[in-house]
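K.L.:
My questions concern the predicted model and sequence given below.
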Amino acid sequence: MDAVSEKYNAVVVAKVSLTPDLFILKVKPDKAMPEFIPGQYVLLGISSNLPRRPGCAPEFKESKADRLILRAYSLASAGHEPGLLEFYVSVVSNGSLTPRLVNLNPGDRLMVGDKIRGFFTLDTVPKEHDTVVLAATGTGLAPYVSMMRRHAVKPYPFRFVLFHGAARSWELGYSEELRCHSRYLPRVTYLPSITRTKEDPWWTGETGRITQYFQSHLMRDRLEIDLDPARTSVFLCGNPEMIHEVGTMLEPLGYSAYTTSQPGSLHTEEYW
Ligand SMILES: Cc1cc2nc3c(=O)[nH]c(=O)nc-3n(C[C@H](O)[C@H](O)[C@H](O)COP(=O)(O)OP(=O)(O)OC[C@H]3O[C@@H](n4cnc5c(N)ncnc54)[C@H](O)[C@@H]3O)c2cc1C
Ligand SMILES: NC(=O)c1ccc[n+]([C@@H]2O[C@H](COP(=O)([O-])OP(=O)(O)OC[C@H]3O[C@@H](n4cnc5c(N)ncnc54)[C@H](OP(=O)(O)O)[C@@H]3O)[C@@H](O)[C@H]2O)c1
């Protein structure tokens, strides 16, 4: 065992590959983590000595040998089950961690940071808000999976509308689970949308980038959502360009970013 792998404190118990580049990883820490709040994240780490998957693009920034490569990942599991952590990960072809992480299989070990981080959580939503809009591109869905799992056992007092944008329908991870949630949970609407329709001609659902829904008249007429920062909180997660574009659309409506010192109604988690 080398100096890096001595830091490993968790084991992979399952890996579900949705596509070669998109997977769900279930990880059991050696010592159960404390309970976390849905929307929070932890660091995952593995050794730079592990090989990258063949066929990936050259590393954006070459990793030195004998290093622990650490990156942040949102927890997709429900916070009340901290003994088994779940992550939803896409492979970034020129990345350092993900072309190595994708090679892990059940029984392989890794490092999970012991600090649970982040304020991208529903406990920051003011009590007088009745609606929460959750929007994600790609694996930016992970925090909302955790929120919906918690909502299923201990309901939050909000109406939820969840927009998920992916390139193709097979990249709409967790869609079956979320569809079920939207059927049996009161006041949950799930709207998945795909953008590469030519590659997926069988898809009959919503199409186009999720940005389109943030035109206030569409929200009001189609979904009966009032984009008013005094009663509707908006959460955006994933691609930083999407977050910037939607933020620019919401600003004229009075939305400002949530920070711990200035609690606005726009909550963002940029993945890169
Ligand atoms: C709070 C937080 C939570 C996160 N949660 C998740 C999660 O649940 N699932 C998940 O898959 N990722 C998540 N990320 C992103 C994750 O931390 C890594 O950045 C990502 O997995 C790429 O790591 P890498 O080492 O392979 O690539 P890096 O070596 O870090 O990056 C290589 C290049 O790709 C760019 N890049 C990084 N990520 C992406 C991306 N997703 N798409 C396109 N380009 C990218 C970088 O800017 C850089 O130019 C989260 C990030 C943050 C800050
Ligand atoms: N090949 C695969 O199976 C696969 C699967 C997952 C991830 N990946 C790779 O993993 C990385 C990250 O993947 P990802 O799933 O996070 O992202 P992604 O696959 O690149 O995109 C996810 C969704 O976000 C949309 N999007 C992009 N920019 C946007 C914007 N400014 N506003 C609104 N929507 C926007 C995309 O639409 P557009 O299609 O219009 O860009 C797509 O519908 C990428 O490098 C990707 O290539 C590959």
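P.N.:
Looks like it arrived, so ask away. Small disclaimer: the values here were computed from a predicted structure and weren't measured. Ligands and ions are numbered 1, 2, ... in the order given.
K.L.:
CA only for contacts and neighbour counts going forward, please
P.N.:
Will do.
K.L.:
Tell me the residues on the chain that lie near ligand 1, please.
P.N.:
By C-alpha under 6 Å from any ligand atom, the residues of the chain that approach ligand 1 are 41, 60, 71-74, 87-90, 92, 94-98, 139, 142, 270-272.
K.L.:
in its sheet, what does the one helix or strand residue 134 maps to sit against?
P.N.:
Using DSSP states H and E, residue 134 maps to strand 131-137. Partners of strand 131-137 in the sheet, by DSSP bridges, are strand 159-166 (parallel), strand 232-238 (parallel).
K.L.:
Go through the ones you listed and name the closest to residue 3.
P.N.:
strand 232-238 (33.1 Å; C-alpha to C-alpha).
K.L.:
Which positions in the worst-scoring helix or strand of the chain on mean pLDDT come out as buried?
P.N.:
Lowest by mean pLDDT, DSSP states H and E among the helices and strands of the chain is helix 216-223, with a mean of 88. Within helix 216-223, the residues that qualify as buried are residue 216, counting by 16 or more other C-alpha atoms under 10 Å.
K.L.:
Now the strands paired with strand 131-137 in TSV, please, with extra columns for mean pLDDT, mean neighbour count and distance to residue 195.
P.N.:
Output for the strands paired with strand 131-137, formatted as TSV (pLDDT from 0 to 100; neighbours: other C-alpha atoms under 10 Å; distance: least, C-alpha to C-alpha, whole Å):
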stretch	mean pLDDT	mean neighbour count	distance to residue 195
strand 159-166	98	22	7
strand 232-238	98	24	16
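K.L.:
nearest to residue 259, of these?
P.N.:
strand 232-238 (12.7 Å).
K.L.:
could you dump that closest one to PDB, C-alpha only?
P.N.:
The C-alpha trace of strand 232-238 is given here as PDB (Å, rounded to 0.1, in the frame of the first residue of the first chain):
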ATOM      1  CA  THR A 232     -40.500  31.500  -5.100                       C
ATOM      2  CA  SER A 233     -36.900  30.300  -4.500                       C
ATOM      3  CA  VAL A 234     -34.800  29.200  -7.500                       C
ATOM      4  CA  PHE A 235     -32.000  26.600  -7.300                       C
ATOM      5  CA  LEU A 236     -29.600  26.200 -10.200                       C
ATOM      6  CA  CYS A 237     -26.900  23.500 -10.400                       C
ATOM      7  CA  GLY A 238     -24.400  22.200 -12.900                       C
END
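K.L.:
continuing past it, what's the next helix or strand?
P.N.:
Toward the C-terminus from strand 232-238 - assigned by DSSP H and E - lies helix 240-250.
K.L.:
just to revisit the earlier point, who's in contact with the least confident helix or strand of the chain?
P.N.:
213, 225-227 (C-alpha atoms under 8 Å, 6 or more residues apart in numbering).
K.L.:
and those as TSV, adding neighbour count, distance to residue 45 and secondary structure?
P.N.:
As requested, those are exported to TSV (neighbours: other C-alpha atoms under 10 Å; distance: C-alpha to C-alpha, whole Å; DSSP: H, G, I helix; E, B strand; the rest coil):
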residue	neighbour count	distance to residue 45	secondary structure
213	17	36	helix
225	20	40	coil
226	16	42	coil
227	22	39	coil
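K.L.:
wait, what's in contact with the closest residue to ligand 2 within the stretch 1-150 of the chain?
P.N.:
At 3.4 Å from ligand 2, residue 138 is the closest residue in the stretch 1-150 of the chain, using C-alpha to the nearest ligand atom. Residues counted as contacts of residue 138 (C-alpha under 8 Å, 6+ apart) are 90, 164-166, 171-172, 238-239.
K.L.:
Any residues of the protein in contact with ligand 2? List them.
P.N.:
Residues of the chain that fall close to ligand 2, judged by C-alpha under 6 Å from any ligand atom: 19, 21-22, 90-92, 137-139, 165-167, 194-196, 209-211, 241-242.
K.L.:
Done for today, thanks.
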